[in-house]
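Visitor: 3D model of this:
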Amino acid sequence: MPGGGFCKLPGGSVVVALGLPNPAGDGSTVRVLVHAGNRARALTRLRNLGLRAVYLRGNTHPPTPDEITAVLHHPDGLLWRTVPETHTELWHPIRALLPQPRIWGTPRPAS
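Guide: Take a look at the predicted model:
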């Protein structure tokens, strides 16, 4: 499911779903869900996390009702899982997908 889409909620916010290449570079695809005030803000949230080439073209694969429920009940409002999704795989927080930035002052691991 390489496409994406969005769904406007009754309160005015949106849920955006995108199919993106896995940042790990293993050739797989991930489905990312973002809850935000509008579509532009949802894409900005992903770009601020380091996913620079994120665009929403069309509404070919909007989020399903189950996906909307999942992202609305998560405190960060950012979730992902691999595609094609298996029924046993749960949604993961976005922190589990992206590499963690190095914090100044922490020692580097020994090589």
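Visitor: give me the neighbour count for the closest residue to Gly37 other than its chain neighbours.
Guide: Nearest residue to Gly37 in three dimensions, chain neighbours excluded: Ser13, at 5.5 Å (C-beta to C-beta, 6 or more residues apart in numbering). Placement of C-beta: from N, CA and C, glycine included. Counted with other C-beta atoms under 10 Å, residues neighbouring Ser13 total 16.
Visitor: let me know the secondary structure of the residue positioned nearest the centre of the chain.
Guide: Most central in the chain under C-alpha atoms, centre = their mean is Val32, positioned 2.8 Å from the mean C-alpha point. Of the three states, Val32 takes strand under DSSP: H, G, I helix; E, B strand; the rest coil.
Visitor: quick check: it vs Pro10, distance?
Guide: 23 Å (C-beta to C-beta, to the nearest Å).
Visitor: send me stretch 8-24 as PDB with only the CA atoms.
Guide: Provided in PDB are the C-alpha atoms of stretch 8-24 (Å, rounded to 0.1, in the frame of the first residue of the first chain):
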ATOM      1  CA  LYS A   8     -11.100  14.800   8.400                       C
ATOM      2  CA  LEU A   9     -12.600  14.200  11.800                       C
ATOM      3  CA  PRO A  10     -15.800  15.900  13.200                       C
ATOM      4  CA  GLY A  11     -13.700  18.100  15.500                       C
ATOM      5  CA  GLY A  12     -11.800  19.600  12.600                       C
ATOM      6  CA  SER A  13      -8.500  17.700  13.000                       C
ATOM      7  CA  VAL A  14      -7.300  15.100  10.400                       C
ATOM      8  CA  VAL A  15      -5.700  11.700  10.400                       C
ATOM      9  CA  VAL A  16      -3.200  11.200   7.600                       C
ATOM     10  CA  ALA A  17      -2.000   7.700   6.600                       C
ATOM     11  CA  LEU A  18       1.100   7.300   4.400                       C
ATOM     12  CA  GLY A  19       2.900   4.300   2.900                       C
ATOM     13  CA  LEU A  20       6.600   5.100   3.100                       C
ATOM     14  CA  PRO A  21       9.800   3.100   2.500                       C
ATOM     15  CA  ASN A  22      11.300   1.800   5.800                       C
ATOM     16  CA  PRO A  23      13.900   4.200   7.100                       C
ATOM     17  CA  ALA A  24      16.000   1.200   8.000                       C
END
